[in-house]
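In: any chance you can model this:
(chains A and B)
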Amino acid sequence: MRKVLAAVAVVSLLTACSSGTNSASSSGGDNQTLTIASVDQGSIEKVVDAFKAANPGVTINLSTSGADQYQQQIRTQLASGTAPDVMTVWPGNGNPGATYVIAKPGYLLDLSDQPWAGQLPDAFKKVAQYEGKTYNAVFGLNGIGAVYNDEALTKSGLTAPGTWTELLTFCKAAAGKGTPAFALGIQDNWVTQIALYALTATTVYGADKDFDTKLAAGQTTFAGSAWTTAMAKYQEMNTAGCFQKDPLGTSYESSQTLAATGKTLGIIQGNWIIGLLKGKNPNGKFTMKALPATDNAAEFVMPAAAGAGYGVNAKAKNSELALKFITFVMSPEGMKIFNEAQGSLPTLPDAGSAVDPGLAELSTFVKDNRTVPFMDQLWPNAKVQQTMLSGLQEVFSDQATAADVLKDMDTDYKAGS
Amino acid sequence: MTRTRTAPWWFALPALTLFAFVVLIPSARGVYYAFTDWDGLDPAFTLIGLDNFTAITDDPDALQAVWHTLLIAVAITVIQNGIGLLLALGVNSAIKSRNFLRVLLFAPAVVTPIVTAYLWRNLLGPDGAVNSLLALFCIAGKNWLGDPDLALWMIVLVVVWQFAGYSMVIFVAGLQSVPKEIYEAAAIDGSGPVRRFWSIVRPLLAPAITINLMLSIIGGIKLFDQVYALTGGGPGHATDTISTLIYKDAFTLGEFGYSIALAVVLTIIVAIASAGQYTVLSRNERAAS
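Out: Now for the predicted structure:
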């Protein structure tokens, strides 16, 4: 019996080896196999299916993972020469998987000669390029605002606030009814920045479109600018009862449940939350509006930025097919599939995808050029954002003041790249 | 005579070679990066000497993480083994259903730490089971994981909840090596249960104590999964340990050199703690036997 088992073990080992070498040689040899690594779980699959239908005979090895895990894995793969042909790349700078970070050591193929590269609106070019060359096929646009649960709002008898003063009154009234205005799940620290971005868009960038340039030139600082106003407003919202109790003990996941089931009237989040809320409450209707940060609605600005796009490995085993795939992603057809599945807006004007009716206000803001990219996309290193995220948790738990956090962000910003 | 003769050293060569290629050489190559500014991506990096290590001493987050790590390790070691020993004494007595109890108490240790951590993250949430239970008794719930003063202790609680049964099993094994005759003779001579424990059981339990303390202190110092899943090191940095900081510095900030330097520091702490503890405990063991 033992001999039999040993034999089985040996045979299975042998077959494991041989199948391994086979797959390696096939992905290297023929021109019909493409490897893709992506964070767009739930939408990339549809795009891949459509691409395969349009290109019979093509095999695609797709792997998807969460952003944290992906950033860790892709860096290891790039450094060791085992990265896939096509991969998710974030726009701009400021995170470990961002365009500047990966393009700088030469890991990305220059996509400047692709027809779509010239058509990208300027706001996206800035974050899709590194030193004037395009590396990132950004297909979708995400925005941040107050997302209301229409049914819960109707039931409460309240209306969505249109000014900062109305917002505070709204928060107090909503808390009084036992259904707080917004769910806030900042146990997951990345969530802390979302409401702050919604406030800085108007208070900082609404007043000064060139804030980023001035910050980079050292003419202004976080601690010495309207960022302090935005921080103060964030804290004022908290004391006014805008959020449910214990935001620091509430996870992102739990905050979705609160907003989806009407235990809060809404949530301050990116447009991607609408799909997630509908997943938890398929009959729900959710509408995104700009978060009022002043009393003059005409000066509101919404944070809106290119979402993660795709780059091509400079050492791709199959760069021809990789470029074909990128072209498909940026074609009206591919862009439509992607953005409809993600609930985002297309980056190219002629993509013609059906925008979720809940995002009408965001599309208007985009059309009217009343948006500003997510603040971190042009920061020189990943540390500024991480300092802000853990700093905001400290502000919410009284371990630090807003001024401390902004000062630390200045220090990290000045440390450069 | 021939039986006690030690085997020639080169018998160990195949195993040592394998160990060297799988553990020693990769580790040594890894340590090299602690002296560089490598970002984990760019093949062009420079040697910067001890800069990463001096940076650790200037980094309040790192110093705080070292403190948290030691606090967690000591707390887990004391509480987990205290409870484990009490449970072991309990299930080693002549009570009914003791086999069932042993299985039940050991069960949490079988589950992956990340799963128990996510479970407890929900139980300890603002509207979680713990607060709901307290509400039944009209006690105001707490923000268990969101309060920087409580969060660290919740991590200790979750680890102890999961692994007290594991310590218990090792203690039970030790207890079963205590000869019944000595124990009964002492009882007949009139010594009470406390005296019997202190003079008979404790010395004979010394090997089990050594193993348990070693395992829990090393596990405590290296703790990662539970911290990462329960609090992610937050709120702020209130529960960051050396391990979570290593992860964040490497994979979120891309500061691989610095993070490897931190890992080297962690290795040194583990080595000192376990060597020191082993020396003290084995001396006690010899004194006891």
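
In: residues contacting residue 92?
Out: Assuming you mean chain A. Counting by CB atoms under 8 Å, 6 or more residues apart in numbering or on different chains, residue A:92 makes contact with A:98-100, A:126-127, A:373, A:376-378. Quick note: C-beta positions are derived from backbone N, CA and C, even for glycine.

In: switch to chain B, that's the one I care about
Out: Residues in contact with residue B:92 (CB under 8 Å, 6+ apart) are B:98, B:172, B:175-176.

In: one more pass at 6 Å, please.
Out: B:172, B:175 (CB atoms under 6 Å, 6 or more residues apart in numbering or on different chains).

In: any idea how far it is from chain A?
Out: Separation of residue B:92 from chain A (CB to the nearest CB, to the nearest Å): 38 Å.

In: tell me how far the closest residue to chain B within the stretch 151-300 of chain A lies from residue A:178.
Out: Per CB to the nearest CB, the residue of the stretch 151-300 of chain A with the smallest distance to chain B is residue A:248, at 2.9 Å. Residue A:248 sits 21 Å away from residue A:178, taking CB to CB, to the nearest Å as the criterion.

In: between these two, which is the more surrounded one?
Out: Neighbour totals were compared for residue A:248 and residue A:178, and residue A:248 leads with 25 against 8 (other CB atoms under 10 Å in any protein chain shown).

In: in three-state terms, label the closest residue to that one other than its chain neighbours for me.
Out: Leaving aside its sequence neighbours, residue A:248 sits nearest to residue B:146 (CB to CB, 6 or more residues apart in numbering or on different chains; 2.9 Å). On the three-state scheme (DSSP: H, G, I helix; E, B strand; the rest coil), residue B:146 is labelled coil.

In: hang on, residue B:146 packs against residue A:247?
Out: No - checked against CB atoms under 6 Å, the pair residue B:146 and residue A:247 is beyond contact range at 7.3 Å.

In: and chain A, which of its residues are near chain B?
Out: A:72, A:75, A:79, A:96, A:105, A:189, A:245-246, A:248-250, A:382-383, A:386, A:390, A:393-394, A:397, A:399 (CB under 6 Å from any CB of the partner chain).

In: what do you get if the cut-off is 7 Å, keeping everything else the same?
Out: Where chain A comes near chain B, counting by CB under 7 Å from any CB of the partner chain, the residues are A:71-72, A:75, A:78-79, A:96, A:101, A:105, A:187-189, A:245-246, A:248-251, A:254, A:382-383, A:386, A:390-391, A:393-394, A:396-397, A:399-400.

In: just the buried ones from those, in ChimeraX syntax?
Out: Here is the ChimeraX command that selects the buried residues among those (16 or more other CB atoms under 10 Å in any protein chain shown):
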select /A:71,72,75,78,79,96,101,187,188,189,246,248,249,250,251,254,382,383,386,390,391,393,394,396,397,399,400
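
In: so which of the residues of chain A next to chain B sit within strands?
Out: Applying DSSP state E to these, no entry is found in strands.

In: and the residues of chain A next to chain B, which of them are in helices?
Out: Among the residues of chain A next to chain B, the ones falling in helices (DSSP state H) are A:71-72, A:75, A:78-79, A:101, A:254, A:382-383, A:386, A:390-391, A:393-394, A:396.

In: any idea which of the residues you listed the model trusts least?
Out: Model confidence across those bottoms out at residue A:72, which has 80.

In: contacting residues around the nearest residue to that residue once chain neighbours are set aside?
Out: Nearest residue to residue A:72 in three dimensions, chain neighbours excluded: residue B:251, at 4.2 Å (CB to CB, 6+ apart). Each residue near residue B:251 by CB atoms under 7 Å, 6 or more residues apart in numbering or on different chains is listed here: A:71-72, A:96.

In: apply 8 Å and report the result again.
Out: Contacts were defined as CB under 8 Å, 6+ apart; by that measure residue B:251 touches A:68, A:71-72, A:75, A:96, B:40.

In: then residue A:370?
Out: A:300-302.

In: now for residue A:65, how many residues are close by?
Out: For residue A:65, the neighbour count with other CB under 10 Å is 16.

In: ditto for residue B:132
Out: Neighbours of residue B:132 under the rule other CB under 10 Å: 12.

In: interface residues of the stretch 101-250 of chain B facing chain A?
Out: Counting by CB under 8 Å from any CB of the partner chain, the residues of the stretch 101-250 of chain B close to chain A are B:121, B:124-127, B:143-148, B:231-238, B:248, B:250.

In: hang on, residue A:35 packs against residue A:59?
Out: No - the criterion here is CB atoms under 8 Å, and residue A:35 misses it with residue A:59 at 9.6 Å.

In: those two: who's more crowded?
Out: Neighbours per residue (other CB under 10 Å) separate residue A:35 from residue A:59, with residue A:35 holding more: 22 against 13.

In: coming back round to it: most neighbours among the contacts of residue A:92, which one is it?
Out: When neighbours are counted by other CB under 10 Å, residue A:99 leads the contacts of residue A:92 with 27 neighbours.

In: need the contact list for the nearest residue to residue A:124 once chain neighbours are set aside.
Out: Here the nearest residue to residue A:124 in space, its sequence neighbours aside, is residue A:306; by CB to CB, 6+ apart that works out to 4.8 Å. With contacts defined as CB under 8 Å, 6+ apart, residue A:306 is in contact with A:91, A:123-124, A:127-128, A:136, A:138, A:140-142, A:347, A:373.

In: count the residues that sit near residue 271.
Out: Reading this off chain A. Residue A:271 has 26 neighbours, counted by other CB under 10 Å.

In: oops, I was thinking of chain B
Out: Residues contacting residue B:271 under the criterion other CB under 10 Å number 11.

In: quick one, what contacts it?
Out: Residue B:271 makes no contacts at all, as judged by CB under 8 Å, 6+ apart.

In: next, the residue nearest to residue A:248: phi, psi?
Out: Dihedral pair for residue B:146: phi -100, psi -10, per degrees, to the nearest 10.

In: which residues touch whichever helix or strand residue A:89 is part of?
Out: Using DSSP states H and E, residue A:89 falls within strand A:86-89. Applying CB under 8 Å, 6+ apart, the contact partners of strand A:86-89 are A:34-40, A:70, A:74, A:97-99, A:102, A:108, A:135-136, A:308-313, A:316, A:322, A:325-326.

In: which among those residues end up buried?
Out: Buried among the contacts of strand A:86-89 by 16+ other CB under 10 Å: A:34-40, A:70, A:74, A:97-99, A:102, A:108, A:135-136, A:308-313, A:316, A:322, A:325-326.

In: next step: those residues restricted to strands.
Out: The strands, defined by DSSP E, take in A:34-38, A:309-312 from the buried ones among the contacts of strand A:86-89.
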